[in-house]
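Participant: Here is a sequence together with a model predicted from it:
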Amino acid sequence: MPSKPRTIIEKVWDNHIVAEREGAPSLLFIDLHLVHEVTSPQAFSGLRARGMKVRRPDLTFATVDHSTPTTPRSLPIVDPVAATQVAQLEKNAQEFGIPYFGFQNRMQGIVHVIGPENGLTQPGMTVVCGDSHTATHGAFGALAFGIGTSEVEMVLASQCLLQRKSKTYEVRVTGSLKNGVTAKDIILALCARIGIGGGTGCVFEYTGSAIRALSMEERMTVCNMSIEAGARAGLVAPDDATFQYLAGRKYAPQGAAWDEAVARWKQLPTDEGATYDHSITIDADTLEPMITFGTNPGMGMSISGAVPDPASIGDATERDSLRKALQYMALEPGKPLAGQKIDVVFIGSCTNSRMSDLRAAASVLKGRKVNSAVRVMVVPGSQEIKRQAEAEGLDQVFRDSGAEWREAGCSMCIAMNGDQLTPGQYSVSTSNRNFEGRQGKGGRTFLASPLTAAASAVTGVVTDVRTML
Amino acid sequence: MKIQSTVTSFLVDNIDTDQIIPARFLKTISKDGLGDQLFYDWRYNADGSQKPEFVLNTEKAKKSQVLVSGDNFGCGSSREHAPWALTQYGFQAIISTSFADIFKQNSLKNRLLPVVFPKDAHLALLNALSANPDLQVTIDVEAQTLTWPGGPSVSFPIDAFAKHCLLAGVDEIGYVLQQEAAIAAYEAQRFSTLNTLA
Ligand code: SF4
């Protein structure tokens, strides 16, 4: 008898069950555990207190990204607290025998950038990291989600995680994207549609023609922000684009092992007739470039839209939240955002710091100058991307335009490494969070695509890139 | 396990973990000393002095172990520093209409109880609190109920295993390590595609 049709989410889940006990969450095996400096020190301390080793150092990889500066690598880390944290990870990696891509290592970069780049992230895997943007790895058809530090310790100790099954949520994106509209706009549109709690308790599967048409890097952008719509994970079933991207990468299987792996990966896509607990359809044809106006990623709109008026909202708490957000952002309701003066443009983060993002930004900046009132920071996601971009001459395009070209790291996405907004400043950022103070205390963030960010860098105001294409 | 306390009311929806503990405080390598940094940017002036009007700076809040907040509490980053800061401040339970997934998991692992209330009960509690700000609530973890004088007994869900761990003080990592045989058996048959010879 044929088994019940399953989604890819259920297949990956089923493949990783180590044990199931009555009344307890499932025990899941973890194929890949990524570690960074911020959420791991207390976990390693816990392990040490238990007198334990890391069970599978061969499935664990560490890098530094969050608190590491993006100034030239010849300079030391000036913040002593950050320096201690970075040194602690190096010490932990050494002591526990974990591969470590440190500050000076050629493979260093944002944890969610270097995993895919090196072929560590593969279809059908379970991937965890003490970081909510672990969902990025879902672009490969992996079940990838963020965990807390206690869970990091559990995975280090056992290579397993106690986990309850999430609900399944199909996000179908039909049609095709228009010129000037990008993967970032798809995910910002989803956040605006369902809100930042819309996917709570769920894993997204992104399907539909507009998703299939995306490159792997673009799929990573979409999956990356699944958490911004409340979902712990989001994935795209693997296809030829996935296999092509992976082939020949450092940790990807080779030779006969590659063929066997691909044959298995081809079994992963959702079966015909499988059902989801929730679903939503977004029509890519109708999407415009998106921008956020508020203090969470769900407070977004088309760039041609107007900032909503709290007075028009029925629910009292929602009305207050919007009012509070607009107060923080110092924006007037009912007015368009296009034309709003900005101080900083940040192009980077695990959402949009890959080659295609840098190429998109460079395509706008080439032959143009950034507005003299705007500081523009371009921060590649990894040292490898930095080298590639330099080989292509993108760094020169950025420098010629007046933008800063920096070293790899999280940079102004999280403002704990020296890169930050000052109070009251406005930025257009390609990162994923516009929470109060996320990019520096008192800073105000508009989230958008690299195209929109680059266009706004040139004009000095929030700009619809389609006017410049 | 019972929690009896006054309630601190902080009615904002979608409180993200960047507000609960701003990223610049995550450079620490220890779990301690985070209570004073809880809600730092909402709680202190630029010169580091406390904003007296901010709810967590009131004497009442400092004595209370229960926080009631708006929807989708704890969204955003996975930082476990958020429940560490909340418990170090003195909270043992948070009441909301919903919690973000990772925050909920992190809380339970740190003996911070996420109490999910239906909307009407949430409203009833808020009304009771505005009538009597010194209202005492009793949370009975065994019975999974929250009560207050003159109010209903509100039932709330807790994952059965998490409840067992809370009540029996189970070390979850120890529990997982007891399943060594199953883990080893899984590993023995596992198909790996990671080329670690690279
Ligand atoms: S770039 Fe930003 S979102 Fe991504 S891992 Fe770094 S801090 Fe987190």
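Facilitator: It's in.
Participant: contacts, neighbours, all on C-alpha from now
Facilitator: Fine.
Participant: low-scoring stretches of chain A, by residue?
Facilitator: Chain A contains residues with pLDDT under 70 at A:1-2.
Participant: Got the domain ranges for it?
Facilitator: Following automatic domain parsing, one finds the domains of chain A at A:8-163, A:167-286, A:291-467.
Participant: How many neighbouring residues does A:K178 have?
Facilitator: Using other Cα atoms under 10 Å in any protein chain shown, A:K178 has 14 other residues around it.
Participant: show me what contacts it?
Facilitator: Shown in contact with A:K178 (Cα atoms under 8 Å, 6 or more residues apart in numbering or on different chains): A:A284, A:D285, A:L287, A:E288.
Participant: Selecting buried members of those in PyMOL, what would you type?
Facilitator: Here is the PyMOL command that picks out the buried ones among the contacts of A:K178, judged by 16 or more other Cα atoms under 10 Å in any protein chain shown:
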select buried, chain A and resi 284+287+288
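Participant: between the contacts of A:K178, which is closest to A:A157?
Facilitator: A:A284 (44.0 Å; Cα to Cα).
Participant: pretty sure the closest one contacts A:I211?
Facilitator: No: with contact defined as Cα atoms under 8 Å, A:A284 does not count as touching A:I211 (9.4 Å).
Participant: intersection of neighbour lists for those two?
Facilitator: Contact criterion Cα under 8 Å, 6+ apart; residues shared by A:A284 and A:I211: A:V173, A:T174.
Participant: And B:S5, how far from B:D36?
Facilitator: Distance of B:S5 to B:D36, given as Cα to Cα, to the nearest Å: 21 Å.
Participant: I should have written B:K163 there, sorry.
Facilitator: According to Cα to Cα, B:K163 and B:D36 sit 29 Å apart.
Participant: neighbour count winner among those two?
Facilitator: Using other Cα under 10 Å as the criterion, B:K163 and B:D36 rank with B:K163 on top: 18 against 13.
Participant: What is the distance between the host helix or strand of that one and the centre of its chain?
Facilitator: Applying DSSP states H and E as the criterion places B:K163 in helix B:160-168. Distance of helix B:160-168 from the chain centroid (Cα atoms, centre = their mean, to the nearest Å) equals 15 Å.
Participant: any weak-confidence spans in chain B?
Facilitator: Applying pLDDT under 70 to chain B picks out residues B:197-198.
Participant: just checking, what's the longest helix in the chain?
Facilitator: Reading this off chain A. Ranked by residue count and defined by DSSP state H, the top helix of chain A is helix A:80-96.
Participant: should've been chain B
Facilitator: Taking DSSP H as the criterion, chain B has its longest helix at helix B:119-131.
Participant: Check which element follows that helix along the chain.
Facilitator: Sequence-wise, the next helix or strand downstream of helix B:119-131 (DSSP H and E) is strand B:136-140.
Participant: for the helix or strand following that next one, packing partners?
Facilitator: Proceeding N to C from strand B:136-140, the next assigned helix or strand is strand B:145-147, under DSSP H and E. Judged by 3 or more Cα pairs under 8 Å, 6 or more residues apart in numbering or on different chains; DSSP states H and E, the packing partners of strand B:145-147 are strand B:136-140, strand B:153-155.
Participant: The shortest one pairs with which strands, parallel or anti?
Facilitator: It refers to strand B:153-155. Next to strand B:153-155 in the sheet, as set by DSSP bridges, lie strand B:145-147 (antiparallel).
Participant: okay, the helices and strands packed on strand B:145-147, which one's buried deepest?
Facilitator: Comparing these by mean neighbour count (mean count of other Cα atoms under 10 Å in any protein chain shown), strand B:136-140 ranks first with a mean of 18.
Participant: So what's the gap between that one and the chain middle?
Facilitator: With Cα atoms, centre = their mean, you get 16 Å for strand B:136-140.
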